[in-house]
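K.L.:
no FASTA, just this:
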Ligand SMILES: NC(=O)C1=CN([C@@H]2O[C@H](COP(=O)(O)OP(=O)(O)OC[C@H]3O[C@@H](n4cnc5c(N)ncnc54)[C@H](OP(=O)(O)O)[C@@H]3O)[C@@H](O)[C@H]2O)C=CC1
Ligand SMILES: O=C(O)C1=N[C@H](C(=O)O)C[C@H](O)C1
């Protein structure tokens, strides 16, 4: 392995996103694929790589990420399930481990990140907000990580603007979706869909919709490349492709 080439291990390499990440690593002149890991891999496999990528499952991800951080690897996380609570404990871990560098990217698609940013701009101006996300039927978790992140960021934007929680009437009824940071989120798992998110804002006599569609996994390629390039020299914890691309903080 040449000194200028950075080695990468991918946990979840046999999955949909992991396969794509391995392709991106292999086609990038600065990186070399050191290990393809699956659910059957041992904890030691991939330990020698400089960068460790986690794209597994929300259940498995925290332990996999902690192990990689503790052994001094730079870590890029694309797995969903990294809610604000999980991010808080990751922040503590990163502060504890000297030299740690972790980037968590809830969505590698530029359009999705911009959609979430636009939703944050709108959130303080509309008390009535609902999120509808749709994904392919093989997705094991719901709501999506992107929907959770979007709802949390919209609630934060409202709080910073001095607005109270969004309205969520009759939220105790099951068909009203799952409340995330006080905002109802509805999940569809539908053949023919890759990934879609709609954020609907209701106001007096009007509805604003911020919608993003991923129509193929190609939408993740540029974000994956940017994440890999950024995590090489990462210090501390970074959350969101917007920060990786220098598009600003959480608005
Ligand atoms: N950030 C983003 O832009 C995107 C994020 N995602 C997220 O990435 C994650 C993976 O999605 P996707 O590729 O579609 O999922 P898949 O089900 O296709 O792949 C899951 C991968 O994780 C592995 N795995 C499962 N359980 C474990 C375990 N206990 N320990 C270690 N590895 C395990 C599987 O290995 P095996 O083959 O052995 O079962 C497989 O390689 C999800 O959380 C998804 O939401 C997806 C797309 C885009
Ligand atoms: O599982 C997926 O496919 C996706 N998962 C991520 C999420 O949960 O938000 C990102 C994207 O929506 C695709």
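P.N.:
Yep, it's here. Computed from a prediction, not measured in an experiment: that's the story for all the values here. Ligands and ions are numbered 1, 2, ... in the order given.

K.L.:
For the chain, which segments count as strands?
P.N.:
Assigned by DSSP state E, the chain shows strands spanning 6-11, 31-37, 51-54, 74-77, 101-104, 128-135, 178-180, 183-189, 195-203, 206-214, 236-239.

K.L.:
What distance do you get for the most centrally placed residue in the chain to residue 136?
P.N.:
Nearest residue to the geometric centre of the chain (CA atoms, centre = their mean): residue 106, 0.7 Å. Distance, residue 106 to residue 136, by CB to CB, to the nearest Å: 17 Å. In short, each C-beta sits where N, CA and C put it, glycine included.

K.L.:
correct me, but residue 100 touches residue 69?
P.N.:
Yes. Here residue 100 reaches residue 69: they are 5.2 Å apart, a contact under CB atoms under 8 Å.

K.L.:
circling back to that earlier point, for the strands of the chain, which one sits closest to ligand 1?
P.N.:
strand 6-11 (5.6 Å; CB to the nearest ligand atom).

K.L.:
any idea of the angle the closest one forms with strand 31-37?
P.N.:
20 degrees (axes from the mean of the first three to the mean of the last three CA atoms, to 10 degrees).

K.L.:
Leaving out the residues flanking it, which one is nearest to residue 137?
P.N.:
Using CB to CB, 6 or more residues apart in numbering and skipping residues adjacent in sequence, the residue nearest residue 137 is residue 189, 4.7 Å away.

K.L.:
what is that neighbour paired to in the beta sheet?
P.N.:
For residue 189, the beta-bridge partners are residue 135 (DSSP bridges).

K.L.:
Report the contact partners of residue 8.
P.N.:
Residue 8 sits next to 25, 31, 32, 33, 34, 49, 50, 51, 52, 53, 228 when contact means CB atoms under 8 Å, 6 or more residues apart in numbering.

K.L.:
List the residues that contact the residue in the stretch 151-251 of the chain that ligand 1 sits nearest to.
P.N.:
Nearest residue of the stretch 151-251 of the chain to ligand 1, counting by CB to the nearest ligand atom: residue 220, 5.1 Å away. By CB under 8 Å, 6+ apart, residue 220 lies in contact with 17, 20, 108, 109, 214.

K.L.:
how near is the residue nearest to residue 137 to residue 130?
P.N.:
Going from residue 189 to residue 130 by CB to CB gives 18 Å.

K.L.:
Please apply the same query to residue 36.
P.N.:
For residue 36, the distance to residue 130 - CB to CB - is 40 Å.

K.L.:
Show me what from this protein comes close to ligand 1.
P.N.:
Within the chain, the positions adjacent to ligand 1 are 11-18, 38-40, 55-58, 60, 78-80, 105-108, 145, 220 by CB under 6 Å from any ligand atom.

K.L.:
Derive a ChimeraX selection command for the buried subset of the residues you listed.
P.N.:
If you want just the buried ones from the residues of the chain next to ligand 1 in ChimeraX, going by 16 or more other CB atoms under 10 Å, the selection is:
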select :11,12,13,15,17,18,55,56,57,78,79,80,105,106,107,108,145,220
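
K.L.:
In helices only, show me the residues of the chain next to ligand 1.
P.N.:
Among the residues of the chain next to ligand 1, the members falling in helices are 16, 17, 18, 145 (criterion: DSSP state H).

K.L.:
which residues sit in contact with the first one?
P.N.:
This means residue 16. 138, 217.

K.L.:
Offset the numbering so it begins at 43, please.
P.N.:
All right, first residue 43 from here; so that's residue 58.

K.L.:
Quick check: it vs ligand 2, distance?
P.N.:
Relative to ligand 2, residue 58 is positioned 7 Å away (CB to the nearest ligand atom, to the nearest Å).

K.L.:
Same question for residue 117.
P.N.:
18 Å.

K.L.:
Would you mind confirming that that residue is in contact with residue 94?
P.N.:
Yes. Contact criterion CB under 8 Å: residue 117 and residue 94 qualify, at 5.1 Å.
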